[in-house]
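**Student:** my questions concern the predicted model and sequence given below.
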Amino acid sequence: MRLILLGPPGAGKGTQAQRLVDKYGIPQLSTGDMLRAAVQAGSEVGKRAKAVMDAGELVSDAIVNAIVAERIDQADCAKGFILDGYPRTLVQADAVESMLSDRGISLDTVIELVVDDRALVGRIVKRAEDAKAAGQPVRKDDNPAVFEERLREYYKKTAPLTGYYYAKGRLKTVDGMASIDAVTAEIEAVLEAAAKAR
Ligand code: AMP
């Protein structure tokens, strides 16, 4: 099972991806997590990405495409994977197509979590509060000012991907405003239908 979770920051992609990892035993490939790990490790990629991430802008396509291409060749991706937060630009979406066709594999589906913008800032503020309360590090970009830039980047560069996948007949939309369990159930129904259609 290979799928892409699309949706703005705060839509619940990470939460849902984690549930799918548990259910299907395939890894969640979150470029945000990979980049944060690179920043933490102080690697060359991390050094180049840090300021861009802190400002809420997108890291270059070349950097993220390279880290994903390397990641999908690892053994745990053999059965499939969930792309979370990637692709985020049309250039990245084209890169996914060639990465998969070079390996003789294909995507099963693309699921867009549709959410109301007005709910997003509240969710991000809550994520920061929850992390703090749990004694976990609070993401530097989880604050309203940077969030506004992240949302702008989303509409400018990522939202066009819904048209891109719709045109390919791959896009499925799920109401991301429903409860977490209801969203999971809807995603699972989409995945079951995709598995039957295979
Ligand atoms: P996320 O955890 O998905 O919200 O990503 C956090 C930040 O990492 C984003 O605001 C970007 O700066 C960077 N990032 C994550 N994924 C990508 C991507 N696919 N393309 C470009 N930048 C990304």
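**Tutor:** Everything's here; your move.
**Student:** my guess is residue 24 meets residue 1, correct?
**Tutor:** Yes: in this structure, residue 24 is within contact of residue 1 by Cβ atoms under 8 Å, at 5.7 Å. C-beta coordinates here come from the backbone N, C-alpha and C atoms, glycine included.
**Student:** common neighbours of the two, please.
**Tutor:** Contact with both residue 24 and residue 1 is made by residues 80, 191, according to Cβ atoms under 8 Å, 6 or more residues apart in numbering.
**Student:** contacting residues for the residue in the chain positioned nearest to the ligand?
**Tutor:** Per Cβ to the nearest ligand atom, residue 32 is where the chain lies closest to the ligand, at 2.0 Å. Contacts for residue 32 (Cβ under 8 Å, 6+ apart) come out as 14, 84, 85.
**Student:** and for residue 30?
**Tutor:** Neighbours of residue 30 in contact, by Cβ under 8 Å, 6+ apart: 14, 17, 84, 85, 86.
**Student:** contact partners of stretch 181-193?
**Tutor:** Applying Cβ under 8 Å, 6+ apart, the contact partners of stretch 181-193 are 1, 3, 12, 16, 19-20, 23-24, 108-109, 111, 113, 172, 174-176, 178.
**Student:** much appreciated, bye for now.
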